[in-house]
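Q: Here is a sequence with its predicted model. Questions after.
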Amino acid sequence: MLTDKEFHTAAERYLDMVYRLALNTLRHPADAEDAAQNVMLRLCQSREKLEGEDHLRYWLVRVTLNECKRLRSNPWHRRTVSLESCQEPVFSAPESRQLFLDVMELPARYRVPLYLYYYEGYSVAEVGKLLHLKVSTVQTRLARGRAKLKASWTEE
Amino acid sequence: MKELYRKTFDEVHASERLREEVRNMKATDRNARKFRRPTALVAVMILLVVLAGTVAAVTAGVPGSIQGWFTREWTDLSGEAMPQEQMDLIQELTQSVGVSDTDSGVTVTLDSVTVGQNMLWMLLKVSGTYEAEEAWLYHFADSEIDLDSEKASAVSAPGIWSMDYAYQGLAEDGTLTMLARFCVDSGMGSLQEGGRMTLVLGDLMYSDKVALKGNWAISFDLEPVEDQMILTLEELTVPAVDLDTDEQGMVTLHDVCVSSTELQFVRAAEDQRWRELFPTLVLEDGTEVCSTSGTSGFLDEAHTKWGSVFYWQLPVDMDHVTGIRFQDEVFSLR
């Protein structure tokens, strides 16, 4: 069980990661904030022995993915939110904003592996383990996700 | 591409509101079952209710008692007056509370509760003068529930829960009245065992604006409820939709329990992606009672069992239930 100090240090370090992963999974900022808050509450109350940074990070990614699934399967969240209704983050460069919009337009099955691989730096095998997918499936999804992003980029 | 991707998501951050919420989290009182609703979810739920058009229909003179609400629900779905057995069941599950707390000159009273296994309906009354026409826009920004853990099942993972409002509006006597619904996952033990509960409500909101800053804490004893009839099925394979691909298929539910207030079941972790379709109770006279909302979560530390609870529109007398329907398929419970 984490002490208050350990929890707040971990929360300070990983809140953005949890939020970004939730946003990539759920696409809607309000839902992502709900999920991130619930994940942090779970971390705060968890009795699980988390040994080292890697274990903590892995635990947070798994709990975030599960929390997002729970939110998506809740009848209150059975809806599709138009991208226009999302309060998108503010970006310093127009190309970043465009890439963010393009990523959010991708289906979740491509968004999440891309995020874990490109941003969090997990290997293909690790992404597979986190998402309970075969390595070949992760590779396919990464390739298709990248191709779709490149296609949008070229069109624009 | 990779560099731009990283640069882009470097600029995506959790909001200051969320940071503040997390800063205020404390790892104290870990034995208590504590349930907290994130503020953002309230706005989402209210928007959905508005879109569904369910609240607007009840804004004028909402029922001032839980029994009144269920009676109205029954008449709406069956077209007939509620039978006596049905009334008796609701009476049996409903407890008068009458505990209040006052802050900023406003008194919030928990009038009464109806208790299911994993489900609690709570009728709240708020003092003051409010406009009837838009009273459904009032809600509390934040809510927390602590439940004395002495009788709770030993579950070390924190519980999963949900809370929403069945209605908000002015009762016939002008009191702002809200019926809140609180649901915990099936691994948390039955609420019908009773216990000491504390409901904490923060800031009365009007739509997305703070109408009144305040904090109301209501502690009360949930009395144990006599054992209710539960129909169980070891296994049930039902129509479902894949959340990732939207394709339809079938999923097998295990340890299915159907009670007067809710449906519970367990799925293997790898079947989480399947969403079962619209569980509905079928009664012998043809009346159908839908599931309204619910919650899901892992039931074990190893994350192998995914448990779900769906609660019915209102408590139903199980003697008159003949089956359960998922999409177009009806399964006999007789």
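A: In hand now; what should we look at? Residues are numbered from 1 along each chain as shown, chains lettered A, B, ... in the order given.

Q: any idea of the mean pLDDT for the helix or strand hosting B:Leu110?
A: B:Leu110 is part of strand B:106-115, with elements assigned from DSSP states H and E. Strand B:106-115 shows a mean pLDDT of 95.

Q: now for it, which elements pack on it?
A: helix B:66-78, helix B:84-93, strand B:94-103, strand B:119-126, strand B:195-206, strand B:209-222 (3 or more C-beta pairs under 8 Å, 6 or more residues apart in numbering or on different chains; DSSP states H and E). The C-beta positions use only the backbone N, C-alpha and C, and glycine is treated the same way.

Q: wait, B:Lys213 sits on B:Asp203?
A: Yes. Assessed by C-beta atoms under 8 Å, B:Lys213 is found in contact with B:Asp203 at 5.6 Å.

Q: And the helix or strand A:Phe100 falls within, what does it pack against?
A: Counting by DSSP H and E, the element that carries A:Phe100 is helix A:94-105. Contact here means 3+ C-beta pairs under 8 Å, 6+ apart; on that basis helix A:94-105 packs against helix A:108-114, helix A:135-155, helix B:2-10.

Q: ok, back up a step: please name whichever of the helices and strands packed on strand B:106-115 is nearest to B:Gly323.
A: helix B:66-78 (16.2 Å; C-beta to C-beta).

Q: Sort out which residues of that closest one are buried, please.
A: B:Ile66, B:Gln67, B:Gly68, B:Trp69, B:Phe70, B:Thr71, B:Arg72, B:Glu73, B:Trp74, B:Ser78 (16 or more other C-beta atoms under 10 Å in any protein chain shown).

Q: Also stretch B:270-282?
A: Buried-residue list, stretch B:270-282, by 16+ other C-beta under 10 Å: B:Gln272, B:Arg273, B:Trp274, B:Arg275, B:Glu276, B:Leu277, B:Pro279, B:Thr280, B:Leu281, B:Val282.

Q: near chain A, which of the residues you listed show up?
A: Among those, the residues lying close to chain A (C-beta under 8 Å from any C-beta of the partner chain) are B:Gln272, B:Arg273, B:Arg275.

Q: hmm, back to that, give me whichever of the helices and strands packed on strand B:106-115 is most buried.
A: strand B:119-126 (a mean of 24; mean count of other C-beta atoms under 10 Å in any protein chain shown).

Q: Quick one: mean pLDDT over that one.
A: Per-residue scores along strand B:119-126 average to 93.

Q: can you list the domains in the chain?
A: Going with chain A. Per the record, chain A has its domains at A:1-80, A:92-156, by automatic domain parsing.

Q: I was thinking of chain B, sorry if that wasn't clear
A: B:31-222, B:231-332.

Q: Surely A:Ala125 forms part of a helix?
A: Yes. Judged by DSSP: H, G, I helix; E, B strand; the rest coil, A:Ala125 forms part of a helix.

Q: Who's the closest spatial neighbour of it, skipping the chain neighbours?
A: The shortest distance from A:Ala125 to any non-neighbouring residue, by C-beta to C-beta, 6 or more residues apart in numbering or on different chains, is to A:Val135 (5.6 Å).

Q: what residues are up against the one you found?
A: A:Val124, A:Ala125, A:Gly128 (C-beta atoms under 8 Å, 6 or more residues apart in numbering or on different chains).

Q: Let me know the distance separating it from B:Ser96.
A: According to C-beta to C-beta, to the nearest Å, A:Val135 stands 60 Å off from B:Ser96.

Q: Show me which residues of the stretch 201-334 of chain B sit near chain A.
A: Near chain A, when you scan the stretch 201-334 of chain B using C-beta under 8 Å from any C-beta, you find B:243-245, B:270, B:272-273, B:275, B:291-298, B:301, B:303, B:308, B:310.

Q: at 6 Å what do you get?
A: B:Leu243, B:Asp244, B:Gln272, B:Arg275, B:Ser293, B:Ser296 (C-beta under 6 Å from any C-beta of the partner chain).

Q: And the residue nearest in space to the middle of chain A, what's its pLDDT?
A: Relative to the mean C-alpha position of chain A, the nearest C-alpha, by C-alpha atoms, centre = their mean, is the one of A:Leu21, at 1.4 Å. For A:Leu21, the pLDDT comes out at 96.

Q: gap between it and A:Leu116?
A: Counting by C-beta to C-beta, the gap from A:Leu21 to A:Leu116 is 8 Å.

Q: if I look at those two, which residues touch both of them?
A: The contact sets of A:Leu21 and A:Leu116 do not overlap (C-beta atoms under 6 Å, 6 or more residues apart in numbering or on different chains).

Q: sorry, back to before: render the CA-only coordinates of the strand holding B:Leu110 in CSV, please.
A: The C-alpha trace of strand B:106-115 is given here as CSV (Å, rounded to 0.1, in the frame of the first residue of the first chain):
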residue,chain,number,x,y,z
VAL,B,106,-30.1,25.4,2.8
THR,B,107,-31.3,22.1,4.4
VAL,B,108,-30.8,18.9,2.5
THR,B,109,-32.9,16.0,3.8
LEU,B,110,-32.5,12.3,3.0
ASP,B,111,-36.2,11.5,3.1
SER,B,112,-36.1,7.7,2.4
VAL,B,113,-34.2,5.0,0.7
THR,B,114,-35.2,1.8,-1.3
VAL,B,115,-32.5,-0.9,-0.8
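
Q: and stretch A:32-46, is it in reach of chain B?
A: Yes. With C-beta under 6 Å from any C-beta as the criterion, chain B is reached by stretch A:32-46 at A:Glu33, A:Asp34, A:Ala36, A:Gln37, A:Met40, A:Arg42, A:Cys44, A:Gln45.

Q: Who wins on neighbours among the residues you listed?
A: Of those, A:Ala36 is surrounded by the most neighbours, 31 neighbours in total, counting by other C-beta atoms under 10 Å in any protein chain shown.
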